[in-house]
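# What follows is a predicted protein model with its sequence.
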Amino acid sequence: MKVDMSLRRFVFAAVLWVSLAGPALAQGPATRPAGEIAAAATRPATCPAVFPASSPALRTDAPKTVDELRALEARVQAACKKGLAATVGVIAGGGQGSGVIISPDGYVLTAGHVSGAPNRDVTVILPDGRRVKARTLGANSGIDSGLVKIVEKGPFPFVELTKSSDLRPGMWCVAIGHPGGWRKDRPAVLRAGRILSATDRVITTDCTLVGGDSGGPLFDLDGRVIGIHSRIGPSTSLNMHVPVDSYVQTWERLAAGEAWGSGLFGQVLRPGPAMLGVTPADDERGARVEALTPDGPAQKAGLKPGDVITAVNGQKVANAQALFMLIAGMQVGQSAKVSVIRGGETLELTARLARRPGA
C-alpha cells in the first residue's frame, strides 16, 4: 500500500461535508459602555486558562508509514470528538454563524462580524439542539474577534485554549463549523487541514471554509482552540482565522462589552481568475501582506509578510478590498507592477499573475 495514496484518501475523508452558505451576520459599529451589559453576562475575573500545546500536536510532517497515518487519523478523531461537544450555532438578527464554548459558565468565542454590536440578544444552539439565550459582549472589528455570553444557567460543555503563537506552517489542524447555519439533520461539519502561515493577526489554513462557518473554532490535534474562523481568502484552500492569542490579550475589553477597530470581514469577495497570491489586511497606508501563497506570483516577485502594498500598475491601493478588486479586473499572465513599503523603503516589484486554483 502506498502511504501517499492513503494520506490522500484520509484527507478527502476528513472533508465530510461542504455547502454553500448565505451571507454572514450583519455587524453593528456602535460601542456600548460596560454598564449596559446585562447582569447575567458579567465577566469572570480572568480569561480561561491557556494550556501549552504538546509536542505531538505541533507535528508538521506527513505520515511516512501506514501506522503513522492511522495514528494521525486517531488524533484527528479525538480532536473532533472534543470539538464537537462545544461547537455551537449562533443566531443573531436574520443570520447565523458559529462559535465555541470555552468556559463552563458559557463564554463563547466567535467572529466579530458574527457577534456584531455589544448588548444584543442572540440565541446559541448547543450541540444537542437545545437553544439557550445569550448576550453579545465585545468585538474588535480590526481583527474580527467577538465574545458572547450564555445567560442561562450552566454548566456547559467547553474546550480549552492553547497558544496560537506556537503554531508553525505544516501543523495539522481541524476546522469545525455550521456552514449554511445549524441544521437538525447533521452535526457541525469537520474539515482537516494544515497551517499555511501564522502571525499575531491572522492564521491561514487550507481547511475549506464557506460563509456560514464564520465564528467556528480551529483546533490543534489536542482538541484545543487555536483560532476562530474569520473569512475566505482568494481561494477555498486559503482561509483566514483569528488567532486565539488575540482573545486572551484583549479579554478584559471583550468581556467588558467594548467595541473597537474597523475592517471588512465576513464577506466572500468574488475574485476573477487571476491571482497575486497574497492574504491582505487593511493598513492606513494601503493593504498589508499578512501571508503569501507558497510559490505564488507575489512570493516569486519578492514580496514578504509585513510589506504594505500601496499601488498596482500605478493605481492606488487604499485597503485590502481595493487590492482584491484591482486583481479581479486583471488577466492571468498579466504583469503587475506592485509598489510596496517595506520598513522605511519604497520598492517596485513585478509579479506575473497566475491562475487562481479552481478558476
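Nice, thanks for sending it over.

# What are the boundaries of the helices in the protein?
3-14, 66-84, 112-115, 244-249, 251-255, 297-301, 320-328 (DSSP state H).

# Can you tell me which of those helices is packed in deepest?
helix 112-115 (a mean of 30; mean count of other Cβ atoms under 10 Å). Where you see a C-beta, it was placed from the backbone N, CA and C, and this is true even at glycine.

# For Leu218, which of the helices of the chain is the nearest?
For those, the distance to Leu218 is smallest for helix 244-249, at 8.3 Å, taking Cβ to Cβ.

# starting at the chain centroid, how far to that closest one?
13 Å (Cα atoms, centre = their mean, to the nearest Å).

# Tabulate the helices of the chain in TSV, adding columns for mean pLDDT and distance to Ile91.
Listed next are the helices of the chain as TSV, based on pLDDT from 0 to 100; distance: least, Cβ to Cβ, whole Å:
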stretch	mean pLDDT	distance to Ile91
helix 3-14	41	27
helix 66-84	89	19
helix 112-115	90	10
helix 244-249	94	21
helix 251-255	94	20
helix 297-301	95	38
helix 320-328	80	27
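
# between these, which one is nearest to Cys207?
Ranking the helices of the chain by proximity to Cys207 (Cβ to Cβ) places helix 3-14 first, at 9.1 Å.

# For the residue sitting nearest the centre point of the chain, give me its contacts.
Note on the chain: the residue nearest the mean C-alpha position is His241, at 1.8 Å, using Cα atoms, centre = their mean. By Cβ atoms under 8 Å, 6 or more residues apart in numbering, the residues touching His241 are Ala175, Val202, Ile203, Thr204, Thr205, Leu218, Ile226, Gly227, Ile228, His229, Ser230.

# low-confidence ranges in the protein?
Applying pLDDT under 70 to the chain flags residues 1-46, 49, 51-61, 233-237, 262-272, 357-359.

# Break it down into its domains, please.
Domain ranges of the chain: 3-31+46-260, 274-355, per automatic domain parsing.

# any idea which of those is most buried?
Of these, domain 3-31+46-260 is the most buried (mean count of other Cβ under 10 Å), at a mean of 21.

# Which two among the contacts of His241 are spaced furthest apart?
Across the contacts of His241 (Cβ to Cβ), the longest gap, 14.6 Å, separates Ala175 and Val202.

# any idea how far Gly142 is from the closest residue to Trp251 other than its chain neighbours?
Spatial nearest neighbour of Trp251, excluding adjacent residues (Cβ to Cβ, 6 or more residues apart in numbering): Cys47 at 3.8 Å. For Cys47, the distance to Gly142 (Cβ to Cβ, to the nearest Å) stands at 19 Å.

# same deal with Arg224?
Arg224 sits 25 Å away from Gly142, going by Cβ to Cβ.

# Show me what the nearest residue in space to Arg120 that is not next to it in sequence is bridged to.
Spatial nearest neighbour of Arg120, excluding adjacent residues (Cβ to Cβ, 6+ apart): Thr136 at 4.4 Å. In this entry, Thr136 is beta-bridged to Val148, by DSSP bridges.

# Next up, the contacts around Thr136.
Ala92, Ser115, Gly116, Ala117, Pro118, Asn119, Arg120, Val122, Gly146, Leu147, Val148.

# hmm, 7 Å instead?
Going by Cβ atoms under 7 Å, 6 or more residues apart in numbering, Thr136 touches Ser115, Gly116, Ala117, Pro118, Asn119, Arg120, Val122, Val148.

# Ends of stretch 329-346, what's the gap?
Terminal residues of stretch 329-346 lie 25 Å apart, using Cα to Cα, to the nearest Å.

# ok, now how distant is the nearest residue to Glu258 once chain neighbours are set aside from Pro280?
The shortest distance from Glu258 to any non-neighbouring residue, by Cβ to Cβ, 6+ apart, is to Gly138 (4.6 Å). Remark: distance between Gly138 and Pro280 (Cβ to Cβ) = 25 Å.

# now the strands: where do they sit in the stretch 51-200 of the chain?
87-92, 95-101, 107-111, 121-125, 131-140, 145-150, 161-162, 172-177, 189-198 (DSSP state E, counting those that start in this stretch).

# Run the chain-centre distance for the fifth one.
Centroid separation for strand 131-140 versus its chain: 19 Å, with Cα atoms, centre = their mean.

# For the residue lying closest to Val244 once chain neighbours are set aside, list the residues it contacts.
In this structure, Val244 finds its nearest non-sequential neighbour in Ser164, 4.8 Å apart by Cβ to Cβ, 6+ apart. Contacts for Ser164 (Cβ under 7 Å, 6+ apart) come out as Ala198, Ile203, Ile226, Gly227, Pro243, Val244, Asp245.

# Over to Val174?
By Cβ under 7 Å, 6+ apart, Val174 lies in contact with Val76, Ala79, Cys80, Gly83, Leu190, Ala192, Phe219.

# got it, and Asn319?
Taking Cβ under 7 Å, 6+ apart, one finds Asp282, Ala287 in contact with Asn319.

# could you measure it against Ala287, distance?
Using Cβ to Cβ, we find Asn319 at a distance of 6 Å from Ala287.

# what do you get for Val124?
Taking Cβ to Cβ, one finds Val124 at 35 Å from Ala287.

# Return the set of residues that bridge with Lys337.
Thr350.

# That one against Asn313, yeah?
Yes - Lys337 is within contact range of Asn313, at 5.2 Å (criterion: Cβ atoms under 7 Å).

# that older thread, now, which of the contacts of His241 sits nearest Arg352?
Of all these, Arg352 sits closest to Thr204, with 22.3 Å by Cβ to Cβ.

# show me what contacts that closest one?
Residues near Thr204 by Cβ under 7 Å, 6+ apart: Leu196, Ser197, Gly233, Leu238, Asn239, Met240, Thr279, Ala291.
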